[in-house]
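A.B. asks: no sequence on hand, only this structure:
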């Protein structure tokens, strides 16, 4: 199984393999990033079938346009996440606009609020999955298992000061999801596809 945090040379090599049309490269890329792509799409769309569809669209786009990724701009992971976010938001806007045109409930302003909330949630999900494992583990213990910092320290086998530091850093990273306005690209990549 491939490492979660790919080194930059892996990103360049993967792009070259995709450009040569190596189907095995697409399979390897899918194995590495499919859960990230599906989770981000589902977070934005709130619909399993739509997330499946966006996941397919992302990997088709990567296969058909491997040159759209520029390793100098950031990691392949960030580019794939940005592409996913862009396609999912487009889908959300399209389906929301169609529902409004058909006389469905809501207004254009409500649709934009929904897009913004979904974007912030997707960015937060991306940040949590991208943060270092020690910070993620501390946050998961504190928030999902409702451990205080002392219990978190004991569960992680670290001192209480270290547990507080990890929680503080994790929360600081997570706070950037909202600070970015929710409509920006995932951290670490300057542009969309």
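C.D. replies: All right, it came through fine. Source: prediction; values computed, not measured.
A.B. asks: number of nearby residues for residue 95?
C.D. replies: 15 (other CB atoms under 10 Å). Where you see a C-beta, it was placed from the backbone N, CA and C, and this is true even at glycine.
A.B. asks: do the same with residue 176
C.D. replies: For residue 176, using other CB under 10 Å, the count is 13.
A.B. asks: equivalent analysis for residue 35, please.
C.D. replies: Neighbour tally, residue 35, other CB under 10 Å: 12.
A.B. asks: likewise the one 4 residues further on?
C.D. replies: The number of residues packed around residue 39, counting by other CB under 10 Å, is 18.
A.B. asks: any idea how far residue 160 is from the residue nearest the centre of the chain?
C.D. replies: Taking CA atoms, centre = their mean, the centroid of the chain lies closest to residue 126, which sits 3.4 Å from it. In this view, residue 126 and residue 160 are 29 Å apart by CB to CB, to the nearest Å.
A.B. asks: you'd agree the residue nearest to the centre of the chain is up against residue 84?
C.D. replies: No - using CB atoms under 8 Å, residue 126 makes no contact with residue 84, being 9.0 Å away.
A.B. asks: contacting residues for residue 139?
C.D. replies: 128, 166-167, 170-171, 174 (CB atoms under 8 Å, 6 or more residues apart in numbering).
A.B. asks: repeat that for 7 Å
C.D. replies: Residues in contact with residue 139 (CB atoms under 7 Å, 6 or more residues apart in numbering) are 128, 167, 170.
A.B. asks: any idea which helix is longest in this structure?
C.D. replies: helix 76-101 (DSSP state H).
A.B. asks: figure out how far it is from the centre of its chain.
C.D. replies: Here helix 76-101 is found 12 Å from its chain centre; the criterion is CA atoms, centre = their mean, to the nearest Å.
A.B. asks: what about it, average pLDDT?
C.D. replies: Averaging pLDDT along helix 76-101 gives 80.
A.B. asks: what's around the spatially closest residue to residue 63 that is not a sequence neighbour, how many residues?
C.D. replies: Closest residue in space to residue 63, ignoring its immediate chain neighbours: residue 26 at 5.4 Å, by CB to CB, 6 or more residues apart in numbering. A total of 18 residues lie near residue 26 under the criterion other CB under 10 Å.
A.B. asks: that older thread, which among the contacts of residue 139 count as buried?
C.D. replies: Applying 16 or more other CB atoms under 10 Å to the contacts of residue 139, the neighbour count classes 128, 167, 170 as buried.
A.B. asks: ok, of the residues you listed, which one's closest to residue 113?
C.D. replies: residue 128 (22.7 Å; CB to CB).
A.B. asks: closest one of the buried ones among the contacts of residue 139 to residue 51?
C.D. replies: Nearest to residue 51 among these, with distances taken as CB to CB, is residue 128, at 17.5 Å.
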